[in-house]
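Asker: Next input, structure requested:
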Amino acid sequence: MHRSIKGFARLKYLLAGVSFLIALPAQALTTEEVLMYRGADRDKVLLEGARKEGQVVFYSGVIVNQALRPIADAFMKKYPFIKMSFWRADTEEIVAKVTAEVRANNVVGDVLEGTGLGEVSVQAGIVQPFYSPVVEEYPEAYRDPRHLWAVTRLSYFATSFNTKLVPPGTQPKTFEDLLDPKWKGKMAWRIGTSTGTPLFFTNLRKAWGEEKARAYFEKLKEQKIINFGAGSARTLVDRVMASEYAIGLQVFAHHPVISAGKGAPVDTQLMEPVASVAAPMQITKGLTHPHAAMLLVDFILSKEGQTILAQAEYFPARPDVPALESLNRIVPNVAKIRENFITPEDFNKYAESSEQIYQELFR
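Answerer: The predicted structure follows:
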């Protein structure tokens, strides 16, 4: 009897030790381990950690009232113990702000998202690897083997035209059509932004090869395209609507469609190949709310989060969440037009040389 009691006590002690060891990883995880955690108890680990952190900060390029606020409201409804703050800015501004925060060892933004952000932030050394099981529900092309980004939404680029100055049916429909002398001096494109002229050149260089693309650019320079650097892609579309320019090149394809739906004299023309880029989501190096950050990443990549983006007139990257019906005609696979997906790596690889083409031929 005495031995049994002693044996039972020893077994109880051993079990307590095993329980401690099982619980230990969740309590002793470093920030890096939290971000890459793959254990079966991942949800529990993130929830417990997020309750202690109590907040998360999101830097993004999506419009506040259309998407950022709805995302925050839905996220905080699901996780009422986390306060989500956000800041909206263009990619260049996000990179500059986060770079300053990382260098000062005073990181505020936990999660970053924006078109063209991917390799720019990687090269700047301001992001770190993370893992979300939700990423596995996305196409292979939208996954980064280094785990430095995950795709939240896609952007398609097209040509916009003023329907009063360019009656529908007479607009240029191909890149070769842009060489028609009648468009000389009547077209404008965006400069000073990575998704403007650099992406225009990169798209054709990647799709056509250097020799054919270069020959085309040499001809295109004779068209005296107006360099527009006074605002965003949306601003250029507004100028086209106002008849300042007949044609706006390299704009987000959905902007003219949305305005046309409201009665504006503007429309979109997809040209093959249609350049598409991802808006990657990333984790800031040195963040202070890793558990809450990963909950936010999971949420935005989930069907619920992607549906919010779709309802906000964005193109969700998740394959089981379609774009709004009103925007379907400018989704390349729906329009039966070849798409040229520019990965974040391609974006960075071609950026400098594409900018040099602009400086040499079009400045």
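Asker: Could you confirm I300 falls within a strand?
Answerer: No - counting by DSSP: H, G, I helix; E, B strand; the rest coil, I300 falls outside a strand, being helix.
Asker: For burial, what's the neighbour tally of the spatially closest residue to it that is not a sequence neighbour?
Answerer: Distances taken as Cβ to Cβ, 6 or more residues apart in numbering put T152 closest to I300, at 5.7 Å, once the chain neighbours are dropped. Glycine gets a C-beta too; all of them are placed from N, C-alpha and C. Number of residues near T152 (other Cβ atoms under 10 Å) recorded here: 26.
Asker: so is T152 in a helix, a strand, or just coil?
Answerer: T152 ends up strand, using three-state DSSP.
Asker: What separation do you get for the residue nearest the centre of the chain and T152?
Answerer: For the chain, the residue nearest the mean C-alpha position is A279 (0.9 Å; Cα atoms, centre = their mean). Distance, A279 to T152, using Cβ to Cβ, to the nearest Å: 5 Å.
Asker: Also Q250?
Answerer: Distance from Q250 to T152, by Cβ to Cβ: 22 Å.
Asker: The residue nearest to the centre of the chain belongs to a helix, doesn't it?
Answerer: No - counting by three-state DSSP, A279 is located in no helix; its state is strand.
Asker: Look up which residues are beta-bridged to it.
Answerer: Beta-bridge partners of A279, counted by DSSP bridges, are R153.
Asker: So it sits against Y156, correct?
Answerer: No - at 11.9 Å, A279 and Y156 do not qualify as touching, with contact defined as Cβ atoms under 8 Å.
Asker: any idea which helix or strand carries V56?
Answerer: strand 55-60 (DSSP states H and E).
Asker: contacting residues around the helix or strand that that strand is followed by?
Answerer: Following strand 55-60 in sequence order, the next helix or strand is helix 69-78 (DSSP H and E). The contact list for helix 69-78 (Cβ atoms under 8 Å, 6 or more residues apart in numbering) reads 58, 62, 82-86, 295-296, 299-300, 304-305, 308-309, 311-312.
Asker: unless I'm mixing things up, L46 is touching M294, no?
Answerer: Yes - contact status for L46 versus M294: in contact at 5.4 Å, counting by Cβ under 8 Å.
Asker: list residues touching both of those two?
Answerer: With Cβ under 8 Å, 6+ apart, L46 and M294 have common neighbours 34, 37.
Asker: Counting neighbours, go ahead and name the busier of the two.
Answerer: Remark: of L46 and M294, M294 carries more neighbours, 26 against 22, as counted by other Cβ under 10 Å.
Asker: can you pull out the strands in the stretch 101-250 of the chain?
Answerer: 111-113, 127-128, 150-162, 187-190, 226-228, 247-252 (DSSP state E, counting those that start in this stretch).
Asker: JSON lines please, covering these and showing mean pLDDT and distance to L35.
Answerer: Below are these laid out as JSON lines (pLDDT from 0 to 100; distance: least, Cβ to Cβ, whole Å):
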{"stretch": "strand 111-113", "mean pLDDT": "97", "distance to L35": "11"}
{"stretch": "strand 127-128", "mean pLDDT": "97", "distance to L35": "7"}
{"stretch": "strand 150-162", "mean pLDDT": "95", "distance to L35": "12"}
{"stretch": "strand 187-190", "mean pLDDT": "96", "distance to L35": "35"}
{"stretch": "strand 226-228", "mean pLDDT": "96", "distance to L35": "40"}
{"stretch": "strand 247-252", "mean pLDDT": "96", "distance to L35": "31"}
